[in-house]
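In: Based on what follows, work out the 3D shape:
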Amino acid sequence: MKELISLVVPCYNEEKMVPIFYEEITKFVENLPDYDFEFVFVNDGSKDKTWLELIKLSNIDNRVKAINFSRNFGKEAAMFAGLNHATGDYVAVMDADLQHPPQLLIEMLRLIKEEGYDTVGAYRLGRTSKNSSESLLRVWYSKMFYRFINKMSDVKIKENATDYRLMKRKVVDALLQLKEYNRFSKGLFEWVGFKTTYVGYENVERKAGKSSWSFFKLFNYAIEGITSFSIVPLKLSGLLGFLCAFVAFLYMVYVIVDRIVNGTEVSGWATIVTLILFLGGIMLISLGLLGEYIGRIYKEVKGRPVYIIDEIVQKREEKENVTTD
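Out: Now for the predicted structure:
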């Protein structure tokens, strides 16, 4: 019996890309005749006709399983739902925009089958090359994020790593045990462990449509990752408060000694106001950091599901009628 590979494909407003992706991926899987495939598409509350396109695919191909969310829950929830409904011996997570080259799966499979890896991830090369449409600010921001989170967290994330990866069933089962509401998959992939390696690929432009990831969404995603895998920001805010208190104490001693020894009058309205504003800013930043963690605790303790499914569509495989005399 052939081994089954499940391709999990989150979709959000990918009406134009879904037919293109399906055409490309079906051509590609013909190069792997020793494996069976299933395509698990998750429609993450798209506002366009993505769901109608997925229904069309499910009607013509019984390998297609289309999952429709009741609303937009985010890419993390869509990936989690796809992993939950994938039944393959190996499971790959891919984007529908074809910026994750399907051809890379051949090398991923080789590394797993021949070199004994449990999971193979992908990372982008040449983000600053002429072929990349990303701004220098966005590239710099991404680099700073990976450097920052890797210094603060025990879980190390490969720089420029994407969600594109191929995993053995045991890795997927381990990920499905993590039921947390606030999910940061790049960190979760590393947290579960197992024997992991990475392969690089050149940045590929979208063939149609546009990315739904704005700079603000990426910034919020970065905050999600940092607060999910590190409490160092809380420790830093406490340390900063201690240093401010210590410096204030030293300054108080200096003022008292200067008054007693030199008879200097204490003055400086501008200095006092500046210090008050500085310390007020430090306190507000610390409260903001604390609020980020408390907010995530609040979401976790409510115990709401990560996603809600409205509908699952899959064409039943037609079986031949067998009659006996």
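
In: Just confirm Pro10 contacts Asp44, I think it does.
Out: Yes. Using Cβ atoms under 8 Å, Pro10 is in contact with Asp44, at 5.8 Å. Just so you know, the C-beta spots here come from the backbone N, C-alpha and C atoms, and that holds for glycine as well.

In: What's the local residue count around the closest residue in space to Glu76 that isn't next to it in sequence?
Out: Leaving out its chain neighbours, the residue that sits closest to Glu76 by Cβ to Cβ, 6 or more residues apart in numbering is Arg183, at 4.1 Å. Arg183 is flanked by 19 other residues according to other Cβ atoms under 10 Å.

In: any idea of the pLDDT on Arg183?
Out: In the prediction, the pLDDT value recorded for Arg183 is 82.

In: Verify the stated contact: it with Ala78.
Out: No. Arg183 lies out of contact with Ala78 (Cβ under 8 Å); the separation is 10.5 Å.

In: hmm, back to that, any common contacting residues for Pro10 and Asp44?
Out: 75, 78 (Cβ atoms under 8 Å, 6 or more residues apart in numbering).

In: How far off centre is whatever helix or strand Phe246 lives in?
Out: Here Phe246 is covered by helix 232-262, with elements defined by DSSP states H and E. Mean-position distance between helix 232-262 and its chain equals 41 Å (Cα atoms, centre = their mean, to the nearest Å).

In: List the buried residues in that helix.
Out: Under the neighbour-count criterion of 16 or more other Cβ atoms under 10 Å, helix 232-262 has 233, 237 buried.

In: Could you pull out the strands in this structure for me?
Out: 3-11, 35-43, 64-69, 90-93, 119-125, 161-168, 196-202, 309-314 (DSSP state E).

In: Format the ones you listed as a markdown table; extra columns: distance to Arg147 and mean neighbour count.
Out: Output for those, formatted as a markdown table (distance: least, Cβ to Cβ, whole Å; neighbours: other Cβ atoms under 10 Å):
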| stretch | distance to Arg147 | mean neighbour count |
| --- | --- | --- |
| strand 3-11 | 27 | 23 |
| strand 35-43 | 32 | 23 |
| strand 64-69 | 34 | 24 |
| strand 90-93 | 25 | 26 |
| strand 119-125 | 15 | 22 |
| strand 161-168 | 13 | 22 |
| strand 196-202 | 17 | 16 |
| strand 309-314 | 38 | 14 |
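
In: which residues in the stretch 1-150 of the chain form helices?
Out: 17-29, 50-60, 75-85, 104-115, 136-152 (DSSP state H, counting those that start in this stretch).

In: which residues make contact with stretch 178-194 from outside it?
Out: Taking Cβ under 8 Å, 6+ apart as the rule, stretch 178-194 contacts 76-77, 79-80, 118-119, 121, 153, 155-157, 161, 163, 165, 168, 170-171, 174-175, 196, 221, 224-225, 227-229, 296, 299-300, 302, 304, 306.

In: Pass me the low-pLDDT residue ranges in the chain, would you?
Out: The model of the chain has pLDDT under 70 over residues 126-139, 141-142, 150, 205-222, 225, 227, 229-230, 264-271, 316-325.

In: roughly how far apart are Lys315 and Asp34?
Out: Using Cβ to Cβ, to the nearest Å, Lys315 is found at 24 Å from Asp34.

In: what's around Glu224, how many residues?
Out: Using other Cβ under 10 Å, Glu224 has 18 neighbouring residues.

In: So for it, what's the nearest residue that isn't a sequence neighbour?
Out: Phe184 (5.3 Å).

In: and Tyr307, what are its phi and psi?
Out: Phi and psi for Tyr307, reported as degrees, to the nearest 10, are phi -150, psi 160.
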